[in-house]
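In: here's a sequence, model it:
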Amino acid sequence: MQRSQEAQVKLLVDVRLDGANQLSQFPSSPTLPAPATPPPLNAGPPLLQVRNLRTWFPIKRGVFQRTVGQIKAVDGVSFDVQAGRTLGLVGESGCGKTTVGRTILRLIPATTGSVTFKGDDFFAHRGEDLRHLRRQMQIIFQDPVSSLNPRMTVGNIVGEPLTVHNIAWGSDRVDRVAALLQRVGLDPSYASRYPHEFSGGQRQRIGIARALALSPDFIVCDEPVSALDVSIQSQILNLLDDLQRERKIAFLFIAHNLAVVEHFSDEVAVMYLGRIVEKASRTELYANPKHPYTVALLSAVPEPDPRPKKTRIVLSGEVPSPSKPPTGCPFHPRCPLTREAAKQANAADTVEITTAGERVRVLRKCVEEVPPLEQKQGEPGHVAACWVTR
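Out: Numbers count the residues shown, from 1 in each chain. So this is what the prediction gives:
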């Protein structure tokens, strides 16, 4: 077992000490089909700016329901989304991806932080002003079954936003609903049917039509294809891509499938335990990953080859609880880089910790200090939160 773990560490990185612990060799990214070259970055101001977003859920116990702790689902997330572009958000289940999307839209209240949409502080709006802004920000939910009211017809589901925002009534609403259904590849006659009469892919198209009803500028796609078959996934992704080209919609695309994210996103952010640990353009991130967690995720992407050329990197231990996150770098209990670097560092610069039932030595700095998201070697804008990599 010990030899197997050491072999995986060697596959991940070979760290040499040159006065300081620095990364000297890193594995190539997994072989994936080359995506199309992304368009140049918009030089104008971003459509959406998220700064230091935190969403903590209190842990209450006792007769008087006193707060005894906090679940730090989102802990200091910052990013920008340009108009007409897509930011992919990836990570393990429970890392806070969905909570980020819902907090941005104020479906979940934020603890601290700010969201700026088209230059306005979105969290500062109330009442009618908030209702007006909600027309420009929509969401496509992950589960196409539970997100649709089974007691409403498709026509009422898609047309409800038009009624709530006083946009269309009567025959005008009927015509708009028919046009929306046709645009997402459904027959307008389906407006009189109920959600249980449709397949999973058709239900997701209904959800997309509902999100498009108000002609939004920004849509949170919360794993819109994870519950669908592969053939249906491609149809939905092609539909979203066509809609983005037509209407210049910006997407926050939340997903587990890294291959899908590579081909659909312009930029990719990797989340771990409520924080973004790496962010770069899609081509840069997949070709030159810096954070060890990103490398481990990429190694898990399956290859359409009976003789795969890459070796899966299996991380030791479990994801820590967001109610008791580790000190310093949140990834240090599972990080093979800090263990390898500690073998060549001075004893005073290392510390022994217990993780997954074993005692290991890691860099003291990784345990005591939180690494900032900082520029790494590569193209401008490639940032990662790691003390070891350059």
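
In: so how many other residues sit close to P330?
Out: 25 (other Cβ atoms under 10 Å). (Glycine included, C-beta is placed from N, CA and C.)

In: ok, it - contacts?
Out: For P330, the contacting residues are 272-275, 320, by Cβ atoms under 8 Å, 6 or more residues apart in numbering.

In: try 10 Å
Out: By Cβ atoms under 10 Å, 6 or more residues apart in numbering, P330 lies in contact with 72, 75, 272-275, 277, 293, 319-320, 322, 366, 370-371, 385.

In: and the pLDDT for it?
Out: Among the per-residue scores, P330 shows a pLDDT of 94.

In: mind listing the helices for the stretch 1-150 of the chain?
Out: Secondary structure of the stretch 1-150 of the chain by DSSP state H, counting those that start in this stretch: the helices cover 2-12, 97-104, 127-134.

In: in terms of contact, does N149 touch P195 like I think?
Out: Yes - counting by Cβ atoms under 10 Å, P195 is a contact partner of N149 at 7.5 Å.

In: which neighbours do the two share?
Out: Contacts common to N149 and P195, judged by Cβ under 10 Å, 6+ apart, are I157.

In: related to what we said a few turns ago, where among the helices of the stretch 1-150 of the chain is the average confidence lowest?
Out: Among these, helix 2-12 carries the lowest mean pLDDT (a mean of 45).

In: quick check: R390 touching L337?
Out: No - the criterion here is Cβ under 10 Å, and R390 misses it with L337 at 11.6 Å.

In: next SSE downstream of the strand or helix carrying A342?
Out: Using DSSP states H and E, A342 sits within helix 336-344. Following helix 336-344 in sequence order, the next helix or strand is strand 350-355 (DSSP H and E).

In: now do that next one, average pLDDT.
Out: 91.

In: buried set for that strand?
Out: For strand 350-355, burial by neighbour count (16 or more other Cβ atoms under 10 Å) applies to 350-351, 353, 355.

In: with stretch 220-229 instead?
Out: Here stretch 220-229 shows 220-225, 227-228 as buried, counting by 16+ other Cβ under 10 Å.

In: hey, what's Q375 bridged with?
Out: Beta-bridge partners recorded for Q375 (DSSP bridges): V383.

In: burial count for it?
Out: Neighbour tally, Q375, other Cβ under 10 Å: 11.

In: for it, give me its contacts.
Out: Here Q375 is in contact with 381-384 (Cβ under 10 Å, 6+ apart).

In: what subset of those is buried?
Out: 382-384.

In: can I get the residues you listed in TSV including distance to L130 and pLDDT?
Out: Putting these into TSV (distance: Cβ to Cβ, whole Å; pLDDT from 0 to 100) gives the following:
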residue	distance to L130	pLDDT
H382	36	96
V383	32	96
A384	35	96
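
In: so who does R66 touch?
Out: 58-60.

In: related to what we said a few turns ago, what about R390 and L337, which has more around it?
Out: L337 (27 against 13).

In: my guess is the more buried one contacts W387, does it?
Out: Yes - with contact defined as Cβ under 10 Å, L337 reaches W387; the gap is 9.0 Å.
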